Structure formats: structure tokens, C-alpha cells
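[1] Sequence and predicted structure, then a few things I'm wondering about:
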Amino acid sequence: MRTAYSVDTVRTAERALMARLPEGALMQRAAAGLAVVCAELLGRVYGSRVVLLVGSGDNGGDALYAGARLARRGAGVVAVLLDAERAHRAGLAAFRAAGGRVAGSGEAVFDGADLVVDGIVGIGGRGGLRERAVPLARAAAQSPAVVVSVDLPSGIDADTGQVTGEAVRADVTVTFGAYKPGLLVDPGREYAGAVRFVDIGLEPADGEAELEALQHHDVARLLPVPTEESDKYRRGVVGVVAGSARYPGAAVLAVAGALHGGAGAVRYVGPAAGAVVSRFPETLVSEGSPGKAGRVQAWVAGPGLGDDASRLADVVAADVPVLIDADGLRLADARAVRGRAAPTLLTPHAGEAAALLGTPREYVEAERLAAVRELAARYHATVLLKGSTTLVAGPDGGAVRVNPTGTPWLATAGSGDVLSGLAGSLLAAGLGVLDAGSVAAYLHGLAARRVSGGAPVAAQDVAGALPGAWADVRREA
Ligand SMILES: NC(=O)C1=CN([C@@H]2O[C@H](COP(=O)(O)OP(=O)(O)OC[C@H]3O[C@@H](n4cnc5c(N)ncnc54)[C@H](OP(=O)(O)O)[C@@H]3O)[C@@H](O)[C@H]2O)[C@@H](O)CC1
Ligand SMILES: Nc1ncnc2c1ncn2[C@@H]1O[C@H](COP(=O)(O)OP(=O)(O)O)[C@@H](O)[C@H]1O
Ligand SMILES: [K+]
């Protein structure tokens, strides 16, 4: 599991570690790691040209010490100081002693640069970039040089990933001691480029993580795998309430996802039974009410219902885990959802989340982490917020899961229906609700990447690639 920690938690861990180490040791560890990554990116350090953007805090200090290391190896390193009076004193002295040079005012430092090191501001930053730093961020973006951000891209909020105004766009971010949430959650994540982690010995307290990202081995451990004793009922039955005369395809896609989620059988209840069976004859179909469809271990309700709320109340009243998606989020009775005793998983995209919260969509997109937590608390439900960064939050606080797989090619009609079916099937197979949501998002994203390879994908191809994604996870874990 990869974990990310808030600035407060990082600061506490930093103080504890600093108390045990000689002064300056932590910054030396950070700068050494940063210099190693810079050297790797340069290929040949000797004769290369490096520009440091140096703010007046320790983030600038890291850049200066790393610049000193590169200068000693024969790079031509020039530092642009945002505030000459307040630049990290010892770092600047070391930089100069190593042959580094401070840029004069108006000097065209970016011309011919191979690498720009962004040490403007790190976890001490508040708000978007200050005015004086903005032209530097723009010039770095326009230059062909590789941009490396120190700890995090200057201007992104470390705790939330929010970007207010301008921020540095990095090709690579070298982060120290702990991942920060803003590196894993959009929009900040997009500014960070590839994130490299440098271990400086920091040990944030157990249970303090803000975010968790599953990795292959975590997912492999959670996947439901049948044993000798299994039969289709013991593996779990998932019920799908989706589709309408107008949107039969949503039912087909949700069933496609459900068939690949590990449940032993899929029941479909609704008016698209004909379309479902002609595509997936293995589905058990009925047209009446969900309450009369036979036993299931979890329900998926909502995709493609249109305005037909008639089958929802039965599902919301069921005493098994229920996933509510798409039209179901609009149609379900909020009080009944909040009052459920069995686990509930809501899977809105940003627009649906905004409608549930009564906020503008822009708020959800800018502050995904706050939005998903707020929704989970308000509905006493686990919430999977879809989009460029998929987050899954439980109703009782605790770390939010952030999905590390996926591709923007997933933004295609019907791919959310596949995800609902998949997650519902994992619920029916017995996974906890946070695990079912995050494992589904992981496999879904992996399947999309597998099938896309940089080209457009259709939702049914994502469903078709799910078995391959399972196999990859189990083989590579
Ligand atoms: N944690 C660890 O274990 C380790 C941490 N280390 C490093 O220390 C870094 C944190 O250093 P830090 O605390 O000195 O703060 P930092 O990020 O340099 O920012 C403060 C400066 O930025 C300014 N400023 C503020 N907002 C701004 C904005 N929007 N736009 C522009 N400027 C802005 C602010 O100005 P002021 O408000 O004072 O006028 C002040 O001058 C951390 O990220 C990591 O790199 C490693 O060395 C070792 C291990
Ligand atoms: N920019 C993006 N990058 C990555 N994944 C995305 C992006 N936009 C949407 N997705 C994913 O695509 C899927 C779309 O689901 P949804 O919005 O419900 O579409 P539909 O209702 O048409 O099925 C979700 O899994 C979501 O996380
Ligand atoms: K930075």
C-alpha cells in the first residue's frame, strides 16, 4: 500500500527525526537524493546547464545544496533567487563554494538550459504562486528543459492537490520522506509529472495516513478466488437493477462488469432482460420487482434507469450491500439511503457528486478530497468519486483510497456502468465496501490501459479486458 500524509503529520515526524540527528542532516539527505535524480535525468552531468529557482525557505535550500552537488560534478549551475536577502544562507554559501553562480537581474537564464530545478516553495506554501514567481513558472514551462520540482510542484496545495492560480508544471517531482496527498490527487497530480520518492528516514505515525493507494500485491490479496468447496451461490450472487427501454445498453454493460467481478451468478431485474440475455445468456433475468427476484448478496442499482424509480425502493430497503450509481443517485430517497443498516456504496462522477452536495461541479473538481469525504459523511455511505482521480472514502473518516490506475480514455460513455457491475460483484463475493470500490477502480483502470495502448476504447472492450487485468494482477503481485 502506498500512503500519503498531511503536512502536519510530516512536520511532526520531521521534528521527531531532527531531534535525533545532527543539524542539517535531513536537508543533506534530501539534497543528495534530489541530485541523484537530476543526474539521472541529465545523463551526462559534466558540461550540462542547470537553472535553480530558489525561494526563501528550506525548499530553496534543498535546491541550492543539490545544485552544489551538480556543480561539483562539472555542471554549469545558475541560481535565480526570488529574494536575495532571504535565500537559505548555508545552502547559498555551499552553492557558491562549489562554483555555482547567482543570476543577475534580467539575465536570460533559461536559454540553453537542460534542467530547471523548482525550489520556489514546498510544504510551507500557502495559496497559488505569488506574483514574483509566476513569470519563472511560465518561463520554465516554455523552455525545452526538463523541469524537476523539489518535494512538490510550487503552487499546488500539498494537502489537497488544489491549484489556485498558477503553479509549476513538473516533468518529475522528487518528494522527501512521505508522499503528500496533493501529489496523488488531481489537479495537483497532473502538475507533478512522474513522482520519485526519496527516503530520508521519516516515519509518520501509523494510522495517520490521509490517503492510501492499493498496489498490485494488495489487490491480489483481496481478489476473491474460488476454492474446492465453492459453488455458484457460495461465491455470491449479484443483482443488477439497470437499464430501461430507452437505455438497454446500460444494463448490458453493468452485467458485463458484474460477470467479471468474481460473483458466482448475476441476476438482472428490469425491462432490458432481452438485450441482456441475448448478449450474456449466463445471466438470470426477471422483469418483476427486485424483492421477488430471489436471493442476492449485493445489489447494483441505477445505470440507465432514466426516470424509472419503481424498482429502487426495494433495493434501498434490502439488508445486503447496495451500490447506487448514475440515475439511481438522483432517484433514490436520500433519507432511506442514510438510514440503511447494511453497507452502501455510492459511485457518482463530479457532476452527480455536485448535485448530491448542492455545490457547483467546479468545487468538486478542485477539491475532490474534501468533496468525497463530505459526501460519505452526509450519506453515511462509502463514496467512490469517479473522474481523472478516483477516490473512495468511508463514512467514518479514516484514510481515503486513491486509485493509481486508469487513463483519460476511460472517459467514454458506459464505462461507469461496467465499473458499477464490477464493484457490485466484488461486494457480492464478500469484499468489504471500501475494498470492493477500490479494487474495482483498480481493475477497471488497468483493463482500460491494457485495451487502450494509447487509442480510444469502448466501454464493452474495458469489460472484455477485465479477465486479463485480473490475471496480470495475480501473476505480477
Ligand atoms: N519535511 C521534511 O522532513 C523535510 C523538508 N525539507 C524541505 O523543506 C521544505 C519546507 O521548507 P519550509 O518550511 O522552509 O517552507 P517552504 O516550502 O520552503 O516555503 C516557505 C517559503 O515559501 C514562501 N511562500 C509561501 N507560500 C508561497 C507561495 N504561494 N508562492 C511563493 N512563495 C511562497 C514563504 O514566504 P513567506 O511567507 O515567509 O514570505 C517562505 O519563504 C520541504 O518542502 C522540503 O523541500 C527537506 O529539506 C528536509 C526534510
Ligand atoms: N479524465 C479522466 N481520466 C481518467 N478516468 C476518467 C476520466 N474521466 C472519467 N474517467 C473514468 O471513466 C469512467 C466514466 O464513468 P461515468 O462518468 O459514470 O460514465 P458513464 O455514466 O457514461 O458510464 C469512470 O470510471 C471515471 O473514473
Ligand atoms: K517546489
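    Looks like it came in fine. Ligands and ions are numbered 1, 2, ... in the order given.
[2] pLDDT weak spots in the stretch 301-450 of the chain?
    Along the stretch 301-450 of the chain, no part satisfies pLDDT under 70.
[3] Kindly report the residues of it close to ligand 2.
    326, 349, 386-388, 390, 406-408, 410-411, 413-417, 419, 444 (Cβ under 6 Å from any ligand atom). (Glycine included, C-beta is placed from N, CA and C.)
[4] Buried ones only from these, please, as a ChimeraX command.
    Listed next is the ChimeraX selection for buried residues among these, using 16 or more other Cβ atoms under 10 Å:
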select :326,349,386,387,388,390,406,407,410,414,415,416,417,419,444
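[5] Spell out which parts of the stretch 101-250 of the chain neighbour ligand 1.
    120-127, 129-130, 133, 150-151, 176-177, 200, 202.
[6] Now which of those would you call buried?
    If we count by 16+ other Cβ under 10 Å, those have these buried: 120-123, 125, 129-130, 133, 150-151, 176-177, 200, 202.
[7] So which of those is the closest to ligand 2?
    Leu129 (24.4 Å; Cβ to the nearest ligand atom).
[8] and the closest one, how far is that from Leu82?
    Distance of Leu129 to Leu82, computed by Cβ to Cβ, to the nearest Å: 10 Å.
[9] list residues touching both of those two?
    Shared contacts of Leu129 and Leu82 (Cβ atoms under 8 Å, 6 or more residues apart in numbering): Ile120.
[10] Quick check: the residue of this structure nearest ligand 2.
    Gly416 (2.0 Å).
[11] can I assume that residue sits in a helix?
    Yes: assigned with DSSP: H, G, I helix; E, B strand; the rest coil, Gly416 falls within a helix.
[12] The stretch 101-250 of the chain: strands as residue ranges?
    Taking DSSP state E, counting those that start in this stretch to define them, one finds strands in the stretch 101-250 of the chain at 101-102, 115-119, 146-150, 172-176, 194-198, 211-213, 237-241.
[13] and the longest helix for the chain?
    In terms of residue count, the longest helix belonging to the chain (DSSP state H) is helix 433-452.
[14] and that one, what other elements does it pack with?
    helix 216-222, strand 344-347, strand 382-385, strand 391-393, strand 400-402, helix 415-428, helix 459-464, helix 466-476 (3 or more Cβ pairs under 8 Å, 6 or more residues apart in numbering; DSSP states H and E).
[15] Among those, which comes closest to ligand 3?
    Evaluated over the helices and strands packed on helix 433-452, closeness to ligand 3 peaks at strand 400-402, with 21.1 Å, by Cβ to the ion.
[16] For the strands of the stretch 101-250 of the chain, could you give me TSV that also reports mean pLDDT?
    Below are the strands of the stretch 101-250 of the chain laid out as TSV (pLDDT from 0 to 100):
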stretch	mean pLDDT
strand 101-102	98
strand 115-119	98
strand 146-150	98
strand 172-176	98
strand 194-198	98
strand 211-213	97
strand 237-241	98
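[17] So for Val400, which of the ones you listed sits nearest?
    Among the strands of the stretch 101-250 of the chain, the nearest to Val400 by Cβ to Cβ is strand 211-213 (5.5 Å).
[18] Off-centre distance for that closest one?
    8 Å (Cα atoms, centre = their mean, to the nearest Å).
[19] I'd like the distance between Leu115 and Val148.
    6 Å.
[20] neighbour count winner among these two?
    Between Leu115 and Val148, Val148 has the larger neighbour count (other Cβ atoms under 10 Å), namely 28 against 24.
[21] give me every residue that touches the more buried one.
    Contacts of Val148 (Cβ under 8 Å, 6+ apart): 34, 37-38, 41, 115-118, 170-174.
[22] May I have the residues that are in contact with the residue lying farthest from the centre of the chain?
    Most distant from the centre of the chain: Ala97, at 42.0 Å, with distances by Cα atoms, centre = their mean. By Cβ under 8 Å, 6+ apart, the residues touching Ala97 are Ala68.
[23] let's number from 657 now, not from 1
    All right, first residue 657 from here; so that's Ala753.
[24] Give me the spatial nearest neighbour of Ala834, chain neighbours excluded.
    Of all residues not flanking Ala834 in the chain, Tyr661 sits nearest, at 4.5 Å (Cβ to Cβ, 6 or more residues apart in numbering).
[25] if I look at that neighbour, how far off is ligand 3?
    17 Å (Cβ to the ion, to the nearest Å).
[26] That residue contacts Glu868, doesn't it?
    No: Tyr661 is beyond contact range of Glu868, at 10.8 Å (criterion: Cβ atoms under 8 Å).
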